[in-house]
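Undergrad: Quick one: sequence and predicted model below, then my questions.
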Amino acid sequence: MQVCYKQPISNKMKYILLLSGLLLSILLTGCNKCDPSNSEGGYIVKDAIVKVIGGEGGANFITNANQYSVPIEVSFDGGVTYESVDFSEYSVFSLPTTATCSSGYNRNVTISEAAQVATYTVTITECDYCEGTVSIENWVLTSAIPSNYTPVFEVEKN
């Protein structure tokens, strides 16, 4: 017959376990974590990928294919196929930004019908994960916005 005795946990072992738990909780909750995720809101068509090759840079509010010097295409299937933007249904905005190479972009288009203003805001969350900068044009597709609306472009950094 074999007899097993359960030995009590020593004070040294209790101290090590307590210290390990405390250190783990500090590591998991004590740091300010940076989330460089992307999101869209307002009048922006989610999951639409706008493709423009060449053309003018800068902030753009496009409601007609003749307003831009090169074709503007859109994909609704993750970039597998592209088609010309149907400006009877959609408008297109761009707003160039430069941020750190690990950044998240919250793109939002809002409308004020009373003031006849369309505001495109890009809010950037910059993280310290890497050095260097990246410039992007931030092309987005929206539901059709009347061409007589005044565009307002805003860049905010967190």
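TA: Done, it's in. Numbers count the residues shown, from 1 in each chain.

Undergrad: distance between stretch 72-86 and the chain's centre?
TA: Centre-to-centre, stretch 72-86 and its host chain are 19 Å apart (C-alpha atoms, centre = their mean, to the nearest Å).

Undergrad: List the buried residues for it?
TA: The neighbour-count check on stretch 72-86 (16 or more other C-beta atoms under 10 Å) flags Ile72, Val74, Ser75, Tyr82, Val85 as buried. Every residue, glycine included, has its C-beta placed from N, CA and C.

Undergrad: can you check stretch 88-101 too?
TA: Within stretch 88-101, the residues that count as buried by 16+ other C-beta under 10 Å are Tyr90, Ser91, Val92, Phe93, Ser94, Leu95, Pro96, Thr97, Ala99, Thr100.

Undergrad: For these, give me JSON lines that also has pLDDT and distance to Gly42.
TA: Shown next, in JSON lines, are these (pLDDT from 0 to 100; distance: C-beta to C-beta, whole Å):
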{"residue": "Tyr90", "pLDDT": "98", "distance to Gly42": "14"}
{"residue": "Ser91", "pLDDT": "98", "distance to Gly42": "12"}
{"residue": "Val92", "pLDDT": "98", "distance to Gly42": "14"}
{"residue": "Phe93", "pLDDT": "98", "distance to Gly42": "11"}
{"residue": "Ser94", "pLDDT": "97", "distance to Gly42": "16"}
{"residue": "Leu95", "pLDDT": "97", "distance to Gly42": "13"}
{"residue": "Pro96", "pLDDT": "97", "distance to Gly42": "19"}
{"residue": "Thr97", "pLDDT": "96", "distance to Gly42": "17"}
{"residue": "Ala99", "pLDDT": "93", "distance to Gly42": "21"}
{"residue": "Thr100", "pLDDT": "90", "distance to Gly42": "25"}
